[in-house]
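Undergrad: coords please:
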Amino acid sequence: MAVVGATLLFVLALAAALVSGSNDGATLVALNTRTTTIAPLRAVVILSLFVAITPMIVGTAVASTVADGLVAFEKTGGELAFLVAIACALAIVYLLSHHGLPTSVTLAITGSIVGAGLGFGLPVYWVTVVAVLLAGIVAPLAAAAVGYLVASVELRLRPPELSPRLRKAGEWAGFLVQSFAYGSNDAEKLVAIVAIALGLAVHGVQISIPGQLAVGLLFAPGILLSVRQMAARVSERIMHVRSDTAIEVTVCAAGVVLLSSLLGYPISSTQAATAALVGVGARTAPRQLQWGQIGRIGVAWLVTLPLAVGVATGVGLIVRLF
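TA: Predicted structure coming up:
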């Protein structure tokens, strides 16, 4: 890749880290700090560390899917197509969030990658694309179903109330597992962008340690930019989150995300967490669920993918012609 293009893509990678922190990270921190057990600033630091470190531990299966499993970016024009894809994805996330429709960065990136591939006339690996899309559909549905099932079992068995010490331990364990799950899946999209920018995705995706540190450093301020807004939008406006609810949601969502990471499919941790919260709430306190806000989030999810494909295809065609 030309030096200018590589530099622009690396800048976009850092911008993606900031946007992911503002969108995904803020949502997860808001969900896990509604009680007094985990201080928000401490949660920001821990989640950002997992974003930087986890891909070094689990490998790059998800990153490889993003970098070369959906579109043949190794072909002529592939580097520019990937640059267009990431730029379109970030613009769409910003546009929808600006209009009060918090969406999934994963959906935007996936749709934009496919759209850019079509616009530039690159081979698209449709079998993998369909598999990733199915995983993206199944994951939040599974998280909601598991959340509902876990809440049902708890209501039926009526276990004794946890002591404050055990409750705090459960909240911490849930947050740490969810942070690890996020690092093993969502953060891998950032790994892929950095790897392509630095020429580390020729034969599989290799991790750049300085790149990961830079991503982690920008992820944290991204969270701080919008964590209060996300706390109101996702936590309070969907359902009041109690300690036991937080534990159930984080464990259910993390389980779904980790399974997807093992399969190498990029999905959205925030989608899984939001869906798990709805599943738990539908069983334990259905009247507390704010269906209007849930509907707005659902609309954003439904709109993001086709919008990303369409915009990236159009931009790709224009860039290719000129």
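Undergrad: burial of residue 102, as a residue count?
TA: Residue 102 sits with 24 neighbouring residues when counted by other CB atoms under 10 Å. The C-beta positions use only the backbone N, C-alpha and C, and glycine is treated the same way.
Undergrad: that should have said residue 47, apologies.
TA: Neighbours of residue 47 using other CB under 10 Å come to 28.
Undergrad: with adjacent residues omitted, what lies nearest to it?
TA: Once flanking residues are discounted, residue 47 sits nearest to residue 179: 4.9 Å by CB to CB, 6 or more residues apart in numbering.
Undergrad: go on, residue 224?
TA: residue 44 is the one closest to residue 224 (CB to CB, 6+ apart), at 6.4 Å.
Undergrad: what residues does the one you found make contact with?
TA: 25, 29, 220, 223-224, 227 (CB atoms under 8 Å, 6 or more residues apart in numbering).
Undergrad: confirm residue 207 sits in a helix?
TA: No - read with DSSP: H, G, I helix; E, B strand; the rest coil, residue 207 is coil and lies in no helix.
Undergrad: which residues does residue 267 contact?
TA: Contacts of residue 267 (CB under 8 Å, 6+ apart): 106, 135-136, 139, 185, 256-257, 260.
Undergrad: out of those residues, who's the most crowded?
TA: Result: residue 185 is most packed of those (other CB under 10 Å), 31 neighbours.
Undergrad: thought that one was touching residue 60?
TA: No - counting by CB atoms under 8 Å, residue 185 stays clear of residue 60, with 11.5 Å between them.
Undergrad: show me the helices in the stretch 151-300 of the chain, by range?
TA: Using DSSP state H, counting those that start in this stretch, the helices found in the stretch 151-300 of the chain span residues 164-184, 186-197, 209-230, 243-263, 269-284, 291-321.
Undergrad: nearest to residue 56, out of these?
TA: Residue 56 lies closest to helix 209-230 among those, at 6.8 Å (CB to CB).
Undergrad: if we can go back for a sec, would a markdown table of the helices of the stretch 151-300 of the chain with distance to residue 156 be doable?
TA: Shown next, in a markdown table, are these (distance: least, CB to CB, whole Å):
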| stretch | distance to residue 156 |
| --- | --- |
| helix 164-184 | 19 |
| helix 186-197 | 33 |
| helix 209-230 | 33 |
| helix 243-263 | 14 |
| helix 269-284 | 10 |
| helix 291-321 | 25 |
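Undergrad: will you turn those into TSV that also has mean pLDDT and distance to residue 93?
TA: Converted to TSV, the helices of the stretch 151-300 of the chain look like this (pLDDT from 0 to 100; distance: least, CB to CB, whole Å):
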stretch	mean pLDDT	distance to residue 93
helix 164-184	90	16
helix 186-197	94	12
helix 209-230	91	11
helix 243-263	85	19
helix 269-284	87	12
helix 291-321	90	8
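Undergrad: name the stretch among those that sits most buried.
TA: helix 186-197 (a mean of 29; mean count of other CB atoms under 10 Å).
Undergrad: now the angle from that one to helix 209-230?
TA: With axes from the mean of the first three to the mean of the last three CA atoms, to 10 degrees defining the directions, helix 186-197 sits at 140 degrees from helix 209-230.
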